[in-house]
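Participant: the amino acid sequence is not available; the structure is as follows:
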């Protein structure tokens, strides 16, 4: 039976050795893939009949990991250590809870500044804000584009918070990566494979939202696309799936938090705002996500939610966000005293 | 436009007065319904053109409540007070978190006694255990029937815990009500309307599980069936809905907790065991439910989960349950300091 | 590895022989079940370590069928012949297309007579009409009860059409079986196991609607409940499943037709009316079901759809139904010339 | 109340007049959009308080259409005529049934030639074949890229059939449009808005597959993105939605055919192959789609299905396809004699 193998190559190995490993591990129908991460080289053979010991014996090979997972790089079989993503002074995945907050869409310098100050004051670790907005209707506000990125960068300078923002188009990845600390791939782009490949080469961490109809396996395979393209820093984000229920816009699948933490070494954050669609649901679900073991929470905040140009009903006011941030801190302390999600 | 009206009748009103109110409020296509709760009489006119003031002026009328909800008795418009269900020394819906625990199915006196002692020791407020089991296959263990009820009653006597158990058949309601403190209506019976009517007349509180494909509105309409049949004590139980995701058996819809608490005055508990299907998911989701504001948690516990005759993979051991119970207490304390889900 | 076995017993076997087969085939945790069909006796051992040859050698055994299916009696492994259900002069499952039509709910003698005459004239093979109606709201019209059954029987006498009507409560099965040629188990009752057992003993064919959230496997297991209780005449009915889509009330899963016909020997009919929710969708979906190989079509017809007391929007007028019936005949002739769904 | 307006501009109108209409129809928060189709100019004001009569009176205005639809250009309110897409000698949407067939992925010149000859012989109107394949796993065959496009073009030259192939990346649209007669946007790209905008400017008809979790409304809004970007030739393609059912890969939503034909003037085709996942389901569902009124059917055909590098289980052999094509012809003739889906 063939299984996936990840062959880790020594830092001092010559290119020829890497090529030799890839040749040996691959088969005609299923070539091995060379993955270059900063400071690490890996050869992934997704289905190989060659025994691990035979690969381990090749020159330049550090270790060989066998796994039955279809997403070998994303799977916990690959590494016992959890991936921690560090941006600015913020760590995501280190056992604490990172709060990511900001407006759904950047609308103006003033709108953004009010929110950025508020969320920084309340202890957020990352500022969010959309400049390129995927919109169901071609007639809706599509975001400010590069002007919005510039405003986000200004707020980073002013508040010290690293920033995350969405990228929609492979051709825009380099542009967005010049401004953003973390690039977001949205729910509608989770299986935009050219985009995944491009953010896999961008040199920045990627926050990968779950597709609204994606199984956990498809989500982790999407992460694998990014990892295999050369980027080890992927943050998963659960944001609600599509079900028959209509009292909320999407059904937040919090079960995915323990499930994903068992399957993968990547951090997972939860966005309760988009699933809820209504502000009163956001705080309970944020607390629930924290209690379930999420590594972070992503919250829409707006200075005047009722006037928001995008997803108006779901944003918290700065005051509501401040109260939630305090609640979150207490729940995290309480929930993580004993709980070990292994 | 016609709206639903609930007319509360004075305790001293004569039967004729009640009949007169019902006549006045009903219309040929849509008669009014007289609802008799212990110590209270209500006339529900689900869609009436008669103005509330006209009804309020009739003899014997205490007050009139108007609502646009299709489930007038279950809706918060009917009463600002939250319904608190009291059984034995346990209150459900009083702002705290009630833990309901026990085996999925009663298998033997010994199996039950081990679990009952353990959950009592760990602070559970209600003992659960199934004697009549709805099984997908006709060839699976269908429960011990009345012998199981008897064992449950013995454990109540021994531990002091009130007991909850499922009833499947209208003809068994009286039998089950002789033994149980709370009658459970399972997910597959949520729209078994003859059963709802029967438990509506049984004089015991009813724990109503959400149908696996039921919208929140259908769930509350099922509660309305029970309320309208004469039983004011309904406890709602979210237990996971059917979606495309397959890593868990059902997708626990925790968003339903704040949604339902806003729509209704009834308490809502969460059963994470049946949704999870795997024990490692149960504790995180129980903590999440507590953080989201649930009034109770319902947990499968088994002395030797791997040998359980029903849903083996999902039960916690007594030791795991004890640790969870301690975690729950801390999370509830933390989450409910500020959180007001109004 | 244990597999399911069905042991067919000779008609001349003595009761002792049957008991001996059951004892031999069962195991402590999983007893064998004796199934009595008119003129046939079967012993089902759902998971037995005993080899088929050992069972075949026992006295009184005609043949032994092994299968990996969890629904051994419903599976095609059990019999190569397709089950044909005959009521009055109508056959369901004989390769043709049976049209079942009538009002959703019987409302009055006149309303029923108009529809019954029209559907008989247009060539329907069975008259449908509900007397016990499962209603989401306790305040909706619940059907005429036995008075409705009586009207259905009168129309059978007048038109010569056999009749099908729903039963909701185990205690009503005997009553309904006195009037009806086919008993219908509705979508909300598909996993009402006491009801399945009761209709399994009623001596009438049963039309089993798929639960709105039931997988094909669960549906066939529900059929197995009826078969195992003693009733070999089950007609499956696809009526739409619950999905995220909202332009129709349910998503008619026509793929289930070829899937079920491959898995089982039972006939399968399609009810496009309840899925559609709107009359203009009914005719195209009825033709589609016929082209997909369904054994029958079940259509709501009402003399004045806009006044219907139940599911008003979806009924066809007698004139619309007549045109559809003619279209159906032509499509069946065209689609079944080559198509063999094996 | 504001409603959407489409203002059709006279062919002889000057640019200034167009600009004046757009200025008058737009509002600060919601500008009007100028849409340029070959030979036609339209101004779409998605929500305008200006009365239609005021717009109709402006210079250069031919007519004004008001609609409540969120997809004004796609909605039937815009035009009573159905859109017919013509490529090569094939018309899609003219009342007949167009068969689109070919391999899921182009694998080699020989593999393609065998299939192309077979489907041409059996009467297909369009040849399909994928050169850029969206694959869930980064380790799966991703298609031959431009080499595959070239092979498709060669087969067009040889068989005379127009060709349809998928485009994944906005930057590839011009390349694919040089080769293909119809550009396909796949289910995972249905809300890839930059791609929709780009194919909206490509000068070729677009086949837009429904997203696997898209509502009908979201699907028509995706079509609106293409229409508003300048392309009036959109063919909708139903290919199955994601549900809880697992016996098929996706649930083919044939109800969408009559629903979409009532809502829009665009042609709709059905792809039963990807939904089925298994070949034996394809023919019944293709016939069902034809009977339901689809304008076309899209079928995977492979010379040796078991060796296919993509979606192996679902392809028909050339012989199976030939039989299906004959069946389809008869069913279309039978189903469309009376049926008018208006």
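Facilitator: On my side now, so go ahead. Here the structure is a predicted model, which means the values were calculated and not measured. Residues are numbered from 1 along each chain as shown, chains lettered A, B, ... in the order given.

Participant: tell me what the top strand by length along chain A is packed against?
Facilitator: Of all segments of type strand in chain A, defined using DSSP state E, the longest is strand A:40-48. Secondary-structure packing of strand A:40-48 (3 or more C-beta pairs under 8 Å, 6 or more residues apart in numbering or on different chains; DSSP states H and E): strand A:3-9, helix A:15-25, strand A:33-37. Using the backbone N, CA and C atoms, a C-beta is placed for each residue, glycine as well.

Participant: let me know whether stretch A:251-263 sits next to chain C.
Facilitator: No. If you take C-beta under 8 Å from any C-beta of the partner chain as the test, stretch A:251-263 misses chain C, and the best it gets is 9.7 Å.

Participant: the helices and strands packed on strand A:40-48: which one's closest to chain C?
Facilitator: With C-beta to the nearest C-beta as the measure, strand A:3-9 is the member of the helices and strands packed on strand A:40-48 nearest chain C (24.1 Å).

Participant: could you give the angle of that closest one to helix A:15-25?
Facilitator: 170 degrees (axes from the mean of the first three to the mean of the last three C-alpha atoms, to 10 degrees).

Participant: who does strand A:3-9 pair up with?
Facilitator: strand A:40-48 (antiparallel), strand A:61-67 (antiparallel) (DSSP bridges).

Participant: quick check: angle from the helix or strand in which residue A:328 is found to helix B:318-335?
Facilitator: Assessed by DSSP states H and E, residue A:328 sits inside helix A:318-335. For helix A:318-335 and helix B:318-335, the angle between their directions (the same axes, to 10 degrees) works out to 150 degrees.

Participant: elements contacting helix A:318-335?
Facilitator: Checked by 3+ C-beta pairs under 8 Å, 6+ apart, helix A:318-335 has strand A:98-102, helix A:109-121, helix A:279-292, strand A:296-300, helix B:279-292, helix B:318-335 packed alongside it.

Participant: surely residue A:254 meets residue A:241?
Facilitator: No. Applying C-beta atoms under 8 Å, one finds residue A:254 not in contact with residue A:241, separated by 11.0 Å.

Participant: so what's residue A:63 up against?
Facilitator: A:7-8, A:56 (C-beta atoms under 8 Å, 6 or more residues apart in numbering or on different chains).

Participant: surely residue A:183 is within a strand?
Facilitator: Yes. Under DSSP: H, G, I helix; E, B strand; the rest coil, residue A:183 sits within a strand.

Participant: shouldn't it be in contact with residue A:167?
Facilitator: Yes. Counting by C-beta under 8 Å, residue A:183 touches residue A:167, with 5.1 Å between them.

Participant: what do these two both touch?
Facilitator: A:173, A:176, A:199.

Participant: just to revisit the earlier point, let's have the helices and strands packed on strand A:40-48 in JSON lines, adding mean neighbour count and mean pLDDT.
Facilitator: Listed next are the helices and strands packed on strand A:40-48 as JSON lines, based on neighbours: other C-beta atoms under 10 Å in any protein chain shown; pLDDT from 0 to 100:
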{"stretch": "strand A:3-9", "mean neighbour count": "23", "mean pLDDT": "94"}
{"stretch": "helix A:15-25", "mean neighbour count": "17", "mean pLDDT": "96"}
{"stretch": "strand A:33-37", "mean neighbour count": "17", "mean pLDDT": "97"}
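
Participant: closest one to residue C:222 among the ones you listed?
Facilitator: Ranking those by proximity to residue C:222 (C-beta to C-beta) places strand A:3-9 first, at 39.1 Å.

Participant: what's the local residue count around the closest residue to residue A:116 other than its chain neighbours?
Facilitator: Nearest residue to residue A:116, sequence neighbours excluded (C-beta to C-beta, 6 or more residues apart in numbering or on different chains): residue A:155, at 4.1 Å. By other C-beta atoms under 10 Å in any protein chain shown, the residues close to residue A:155 number 24.

Participant: and what about residue A:155, helix, strand or coil?
Facilitator: helix.

Participant: per-residue pLDDT, it?
Facilitator: Per-residue pLDDT puts residue A:155 at 98.

Participant: then residue A:29?
Facilitator: For residue A:29, the model assigns a pLDDT of 83.

Participant: residue contacts, it?
Facilitator: residue D:309.

Participant: any idea how far chain B is from it?
Facilitator: 28 Å (C-beta to the nearest C-beta, to the nearest Å).

Participant: one more: residue A:56?
Facilitator: Residue A:56 is 32 Å from chain B, by C-beta to the nearest C-beta.
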